[in-house]
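Enquirer: Requesting a structural model of the entry that follows:
(chains A and B)
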Protein chains: 2
Amino acid sequence: MSAPNRATLWGRVLVDELAKGGLEAVCIAPGSRSTPLTVAFAAHEAVDVYSHLDERSAAYFALGRARRTGEPTALVCTSGTAAANFHPAVMEADQARVPLLVLTADRPHELRDSGANQTVDQVKLYGDAVRWYSELPDPEADERKVRGLRTTAARALAETGGVDPGPVHLNCPFRKPLEPTEVPDAVPDSFAETPAGRGRDGAFVETESGTRSLADAQYADLVQALADADRPLIVAGPADPADLPALEAGHVVTVAERVGAPILADPLSNLRFGPHVNRESATGPVYGGYDAYIDLLPAPDVVVRFGASPTSKPLRNALRDSDARQFLVDPAGDWREATFTATDLLAAAPGSVFEGLCERLEVDTGSKTGSENEWLAAFADAERRHWSVRDAALEPNRLESEPFEGAVLADVFEGAPDPATVFVSNSMPIRDADRFGRPRDADLTVLSNRGASGIDGITSTALGAGSATDEPLVLVTGDLAFYHDSNGLLAVDRCGVDATIVLLDNDGGGIFHELPIEEFEPPFTDQFKTPHGLEFDALADCYDLAFERVAPADFASAYRRSLESAGTQVLAVEFDSEESHRRRDVLAERVRDELRGEDA
Amino acid sequence: MSAPNRATLWGRVLVDELAKGGLEAVCIAPGSRSTPLTVAFAAHEAVDVYSHLDERSAAYFALGRARRTGEPTALVCTSGTAAANFHPAVMEADQARVPLLVLTADRPHELRDSGANQTVDQVKLYGDAVRWYSELPDPEADERKVRGLRTTAARALAETGGVDPGPVHLNCPFRKPLEPTEVPDAVPDSFAETPAGRGRDGAFVETESGTRSLADAQYADLVQALADADRPLIVAGPADPADLPALEAGHVVTVAERVGAPILADPLSNLRFGPHVNRESATGPVYGGYDAYIDLLPAPDVVVRFGASPTSKPLRNALRDSDARQFLVDPAGDWREATFTATDLLAAAPGSVFEGLCERLEVDTGSKTGSENEWLAAFADAERRHWSVRDAALEPNRLESEPFEGAVLADVFEGAPDPATVFVSNSMPIRDADRFGRPRDADLTVLSNRGASGIDGITSTALGAGSATDEPLVLVTGDLAFYHDSNGLLAVDRCGVDATIVLLDNDGGGIFHELPIEEFEPPFTDQFKTPHGLEFDALADCYDLAFERVAPADFASAYRRSLESAGTQVLAVEFDSEESHRRRDVLAERVRDELRGEDA
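Expert: Next up is the predicted model:
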């Protein structure tokens, strides 16, 4: 590996070290200042390069890939506003603990604040949203600096992971020539080689990152509380990417069975779907319909919660209003505690804590999980009623006269292939997924941008997730999110990712019908609901995608057809959002009436 | 003006004060947390509300409007990634001195870093890119706090202006109810009224911002240098928005005439076009073709430069390579000095400096501007040859066989109505505007995002500029920029702005043909030129815009037809970018051959 000039040397060493450290993919937006990085990545066989033309979409694509794999994805852009376009995805990566390595090219130091073209202040551009910020020194054929560069590369990659994964920002100044052009004082070949005599092959510095686990004494309170609990509850919030492989569902189920606790599994928890779910009885330990009924059941007395704040607001409120002892398990020791109800914070990996609990909790003798357990029976009953009401509403002839958006989410999960990756937009789709997505014995990886819960970058994040796997990819999005990231559709062709895109088109921000602002007209329609009348079939044409308008009652079959087809299809299902909200309330009320009737 | 609750009070007082301070327009993206601001703006008759669905486009639209008017435009978004989507435009506003008032709604303090939904760290989100950052206190019906709020509103608006205009960020936390819902402890009406007894009507605090001007003694060096100069040169770079009304072209022309200096007027300087330009002779004081010939002329001995760094790289290099005494006039006293050539910095408004020079420079007696002045004659000759070569290349039969992108830019300026606003994208369009846009006696306001020189947000910035005036609006953009801000097209309909959109479609990043990376294949095509094959006619359909493919030789007539038509038309002209670059070089070489021939 030789280097014709310093900038090229810098790019090659950096990329070489990142690849040795395990980096497998990079998203690159074209630009001149970033040429040394782009050229080096393009030439490296071990790193897949995804080229994007909009930096915002590029960053979300990288985010999606990293979220799906739990492994860092790199991002490259030129200097200037390009770097600011990464900011929304960096923010999401911060909140959602997604490992992202942002490499922004920059002008050399002497041009900063000089009025030079495309030169902005990129120092600490993302503020506190990154786990680590560093700036590369000016490229130079100097042994100590090159060792420093290799160390920085290894460290940057390591800092995206560990107990609190997230984004890392390396600002990379380069001076011309940026291209691999020979210069008179070419760099001696040796500088691009890994220094010899370090005792092994591989990365310049290898990092092994330990997991946080509790010592025996630290389990005592938790074990005692669970053993003594009359109404224990396990709440699995949206999973961090690092938890996806690390948390064994079997351990959670075992704990639940030993202490007689229902598991309320967020659709994003990685626990609502999988072989541990006993589909037949719908009274297994995993519950998914609680959003519709949790407030009508008795309050828990001990709660073990992990993952991010649950999607379900009724669940969050129920936790807030209970007097339970609440253990919050967080691998980073963060206080993800928006309702301020935790009584105990356990700074340890959920996977390790549940494994430890399995060893420490006594095997149940029947008293906890038997049919006489009223606590479990109440959940099982509510859950059964909820799905039965839902199933009735899904009957094709009912759907024809009483269509609602939640029916699509129900079908999406019922009909998803096993395995599949299902990406669900924020706003209403994730709420409907939460309420209508029934636990199922299938390997579904369900993802959303639930860190900052924006509706930006949805398409790109989904396609990025899809790029990391051969599984079928399903994206469920709304019309505003689909519009917001319309540029992201370019990745279908450019990055070769196919998807079934389910577009819930209610022509505007349907979620605002759920808020009190609905009563204030004006400005409700113009400033909140914001109908736009966009022709999404033309948008699909622009990106050469198959597009089909589907009636709500025909969705399930169209969805099946799309999943069986090659390529990417957009299935647009039109709804009246106001109607959908009413229907949502009606169905919830039906379950609640039944539950209240039981009480009376 | 009553307020049913605290959040509503806060929104109303803030908006009331901004309107009293002169704010005329706001761009709002829908969201829930920002409801108090949105409701107040929508209800205020004095502020025009532009609703956008993509925050990135919203911010660029606001930027465009503020750039065109020189007056602040406000921006409103909800909490979370929405605010990060403003970042690119905030960066551009910082660099280009555009007054922008960014109002980001935020969750209440106690929810920060709590894992609450859509809650991110918005404190100082844009770092040093804003002139002022402040956070509103928690809404409360407290007289002192309300006075503080009014003062903050007045100050925020004032801080967008002054000698160094730019973006200001107010972070605005709100707690529920966010809607104008009556609460038990409603706010007494008096709180929403301006406190009485302050001696006058109007804003709570009125700001008058002085201009920087030089004292007599501070002119001495400049006057002497100009009087003694043999080869004086005036360089007008891209104008700051505040300079648009403040700088009188007549003063610059008078100075030029008195000292015998050519004025090299950047297309963005506001001096290349206007009644001060003597079109007939093409030897008036205003020159526009220097990008093609400046390096072949004698070097200046005294330079007066103002505005941002010139678009023309040959001009920047010529300034760098000269030994001239160089005066840089900057209203903010910034060192916009990318070539590090200034010898004297004058921290004063260019308008004031040139007015002062008119008073202090003696009336020329003929020796300076007579036909025997070789310095002026050389410029006049080069300029005449450049336009004559260009005009020959514009002949329709020539264009048919030898099309090039610069011809479109030539036509755009020749055929622009008087008056008109012409917005030109970065990358090749602004470079071709610089070289082929001939000075003209017409009131053309030529704008670009030349602060950070990104190709993002181009369409939105142009439409925002168009929203501020009844003049015809022309946008010249490339295919990558058009794709990048495709979402911005929604403003044509939503914000009622019409434009003639000239789309130079060379299927990728043609500018990279100008760089050495062109020689390295791979990765040139895949990672730099990045052809995408997008179907822009379908994109136009999505936004219900007229779309026409135009051959290069037919462009001038299609352009005329569009300018005479109502509505918005996209005129797509396809080019081979490599061919365009070759043609560009050939034409320059022709001028240079002639000039060298003269020398020999």
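Enquirer: And for whichever residue of the stretch 201-350 of chain A sits closest to chain B, the neighbour number?
Expert: Using CB to the nearest CB, the closest approach of the stretch 201-350 of chain A to chain B is made by A:R336 at 2.9 Å. Using the backbone N, CA and C atoms, a C-beta is placed for each residue, glycine as well. Neighbourhood size, A:R336 [other CB atoms under 10 Å in any protein chain shown]: 21.
Enquirer: Check chain A for me, the residue farthest from its geometric middle.
Expert: A:P184 (48.8 Å; CA atoms, centre = their mean).
Enquirer: Is that residue located within a strand, as I assumed?
Expert: No: going by DSSP: H, G, I helix; E, B strand; the rest coil, the assignment for A:P184 is coil, not a strand.
Enquirer: The nearest residue to A:P262 once chain neighbours are set aside: which element?
Expert: Closest residue to A:P262 apart from its sequence neighbours, by CB to CB, 6 or more residues apart in numbering or on different chains: A:F379 at 4.4 Å. Assigned by DSSP states H and E, A:F379 falls within helix A:374-393.
Enquirer: Name the residues that touch the very next helix or strand once past that helix?
Expert: Note on helix A:374-393: by DSSP H and E, the next helix or strand toward the C-terminus is helix A:396-401. If you take CB atoms under 8 Å, 6 or more residues apart in numbering or on different chains as the criterion, helix A:396-401 is touched by A:A392, A:A393, A:A407, A:A551, A:P552, A:A553, A:A556.
Enquirer: now with 7 Å?
Expert: Contacting residues not belonging to helix A:396-401 are listed as A:A392, A:A407, A:P552, A:A553 [CB atoms under 7 Å, 6 or more residues apart in numbering or on different chains].
Enquirer: who in the stretch 1-150 of chain A is up against chain B?
Expert: A:28, A:30, A:32, A:35, A:38-39, A:42, A:51, A:53-54, A:56, A:80-82, A:84-85, A:87-88, A:91-92, A:95, A:111, A:114-118, A:120-121, A:124-125, A:127-129 (CB under 7 Å from any CB of the partner chain).
Enquirer: I only care about those residues that end up buried; give me the PyMOL line for that.
Expert: Buried members of the residues of the stretch 1-150 of chain A next to chain B, defined by 16 or more other CB atoms under 10 Å in any protein chain shown, are picked up in PyMOL with:
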select buried, chain A and resi 28+30+32+35+38+39+42+51+53+54+56+80+81+82+84+85+87+88+91+92+95+111+114+115+116+117+118+120+125+127+129
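Enquirer: Mind checking which of the residues of the stretch 1-150 of chain A next to chain B are in helices?
Expert: A:35, A:38-39, A:42, A:56, A:81-82, A:84-85, A:87-88, A:91-92, A:95 (DSSP state H).
Enquirer: And the furthest pair within the residues you listed?
Expert: Using CB to CB, these span at most 33.2 Å, a distance reached by A:V39 and A:Q95.
Enquirer: So for whichever residue of the stretch 101-250 of chain A sits closest to chain B, what's the nearest residue that isn't a sequence neighbour?
Expert: Nearest to chain B, among the residues of the stretch 101-250 of chain A, is A:G115, at 2.9 Å (CB to the nearest CB). Nearest non-adjacent residue to A:G115, counting by CB to CB, 6+ apart: B:R336, 2.9 Å away.
Enquirer: try A:K529
Expert: A:G508 is the one closest to A:K529 (CB to CB, 6+ apart), at 4.4 Å.
Enquirer: confidence score at A:P275?
Expert: At A:P275, the pLDDT value in this model is 90.
Enquirer: wouldn't it be in contact with A:D441 here?
Expert: Yes: contact criterion CB atoms under 7 Å: A:P275 and A:D441 qualify, at 5.6 Å.
Enquirer: Look at the two and report which has more neighbours.
Expert: When A:P275 and A:D441 are compared for neighbours, A:D441 comes out ahead with 16 against 12, by other CB under 10 Å.
Enquirer: backbone phi and psi for the more buried one, please?
Expert: phi -80, psi 70 (degrees, to the nearest 10).
Enquirer: what's the answer for A:D344, then?
Expert: phi -140, psi 130.
Enquirer: can you map out the strands along the stretch 51-200 of chain A?
Expert: Secondary structure of the stretch 51-200 of chain A (DSSP state E, counting those that start in this stretch): strands at A:73-77, A:100-106, A:132-135, A:167-173.
Enquirer: Just name the most buried of those strands.
Expert: strand A:73-77 (a mean of 30; mean count of other CB atoms under 10 Å in any protein chain shown).
Enquirer: contacts for that strand?
Expert: For strand A:73-77, using CB under 7 Å, 6+ apart, the contacting residues are A:18, A:23, A:25-29, A:31, A:34, A:37-38, A:41, A:55, A:58-59, A:62, A:65-66, A:83, A:86, A:100-105.
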